[in-house]
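>>> Quick one: sequence and predicted model below, then my questions.
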Number of protein chains: 2
Amino acid sequence: MTEARWLDEREARLWRSYRGLRVRLDGALWRRLVRDSGLSGPEFELLVPLSEAPGGLLRARDLGRLVGWERSRISHQVGRMEKRGLVVREECFEDARGSMVRLTEAGRAAIVAAAPSHVESVRSLFFDALTDDELTVLTAAFERVLAGLPKPED
Amino acid sequence: MTEARWLDEREARLWRSYRGLRVRLDGALWRRLVRDSGLSGPEFELLVPLSEAPGGLLRARDLGRLVGWERSRISHQVGRMEKRGLVVREECFEDARGSMVRLTEAGRAAIVAAAPSHVESVRSLFFDALTDDELTVLTAAFERVLAGLPKPED
DNA sequence: TAACCGTTAATGATGTGTCAACATCCCGGT
DNA sequence: ACCGGGATGTTGACACATCATTAACGGTTA
């Protein structure tokens, strides 16, 4: 258990700003989303792929893969959204184990109303503060960090 | 609601990588922390400033300011950590409204055991993938975005 | 056919975070 | 001395995320 590889001053500063960004940017986006559209972050995340699917219909398994969630999380979230009338569950004919998730009219109306405002928030809070060169550097750096991350099982 | 200011291809790519980073990097750090030390992320965040305070003693208000949390969140989290024996609540003599939070011996042992491994995770998963130039650019970009963020009430 | 294994979902328990009351206390002006 | 507004914490209700367990189903193999 050595003291080696501690963070130096510059590294600590970057880490603080990253933590701050993660908390404050996402917090601001979440609050604006709720305020402007009445949708929560997780609701928005599920509605996007559903709204892009033919008939607003996706199998729960595929929905989970599209957003990178596990089955249990999908199941709980779809349950809450079903109670709110945004989606309905239907049985899956190809595979009796599966279940289908279908966007309701209310759900489609909600995502259509929410998307433009949300994109505008992302642009004004994030992209408007970046230069074009920074956009390039950040993309390369983020993708390299992502590529080096261990699989979910670690 | 116009279609203007939609994200172009390069912007969408950066946004995807940022979202991925946010989820996968923080997820990996959380899982390693729990696995290596038995501490959760929020527990770790409160234990750090407490371990640096004289006597391991901080007023709840000050603890909240140090980590940037609101009162309710502090209260709930301290309550859970008190049940786990990591901290104890004491009354505040200077101000009868306040309450003090004190690190227990078990709490101090936990943070001392957890910190080196956590820093090593941050370094190996994040900093080792960045060049020195990127470190500079990211810090400047993050701090500029942070400075432009609205206050919590917006 | 029967035993078995992997996939898919649902569910309950637990930890976490936010919000809206609520109670209490401090402090300044009157 | 009093009063009223701001500060401080706690609590309960709810939404969210993860984990372990359970159940049902499909396909493979004995």
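Yes, it's here.
>>> And the helices in chain A, which stretches?
Using DSSP state H, the helices found in chain A span residues A:9-37, A:41-52, A:60-67, A:71-83, A:105-125, A:132-148.
>>> Can you mark which positions in stretch A:93-112 are buried?
Neighbour-count burial for stretch A:93-112 flags A:Ser99, A:Met100, A:Val101, A:Leu103, A:Thr104, A:Gly107, A:Ala110, A:Ile111 (criterion: 16 or more other Cβ atoms under 10 Å in any protein chain shown). C-beta coordinates here come from the backbone N, C-alpha and C atoms, glycine included.
>>> Dump the residues you listed into CSV; add pLDDT and distance to A:Arg144 as well.
Listed next are the buried residues of stretch A:93-112 as CSV, based on pLDDT from 0 to 100; distance: Cβ to Cβ, whole Å:
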residue, pLDDT, distance to A:Arg144
A:Ser99, 90, 38
A:Met100, 94, 38
A:Val101, 95, 35
A:Leu103, 95, 36
A:Thr104, 95, 41
A:Gly107, 93, 37
A:Ala110, 94, 37
A:Ile111, 94, 33
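>>> returning to what we had before: out of the helices of chain A, which is the most enclosed?
Sort those by mean neighbour count, taking mean count of other Cβ atoms under 10 Å in any protein chain shown, and helix A:41-52 sits at the top with a mean of 19.
>>> What residues does chain A have near DNA strand C?
Counting by Cβ under 7 Å from any atom of the strand, chain A comes close to DNA strand C at A:27, A:31, A:59-61, A:64, A:71-72, A:74-76, A:78-79, A:89, A:92, A:95, A:97-99.
>>> so which of those also contact chain B?
Among the residues of chain A next to DNA strand C, the ones lying near chain B by Cβ under 8 Å from any Cβ of the partner chain are A:Gly27, A:Arg31.
>>> If we ignore the residues flanking it in sequence, what's nearest the closest residue to DNA strand D within chain A?
Nearest residue of chain A to DNA strand D: A:Ser40, at 3.0 Å (Cβ to the nearest atom of the strand). What sits nearest to A:Ser40 in space, not counting adjacent residues and going by Cβ to Cβ, 6 or more residues apart in numbering or on different chains, is A:Val34, at 6.2 Å.
>>> which residues touch the residue positioned nearest the centre of chain A?
The structure's chain A has its C-alpha centroid closest to A:Glu45; by Cα atoms, centre = their mean the separation is 4.9 Å. By Cβ atoms under 8 Å, 6 or more residues apart in numbering or on different chains, the residues touching A:Glu45 are A:Val67.
>>> and if you look at A:Ala109?
A:Ala109 makes contact with no residue, according to Cβ under 8 Å, 6+ apart.
>>> what's stretch A:86-106 in contact with?
A:43, A:46-47, A:50-51, A:53, A:55-61, A:63, A:78, A:81-82, A:85, A:107, A:110-111.
>>> Where does pLDDT dip in chain A?
A:1-4, A:151-154 (pLDDT under 70).
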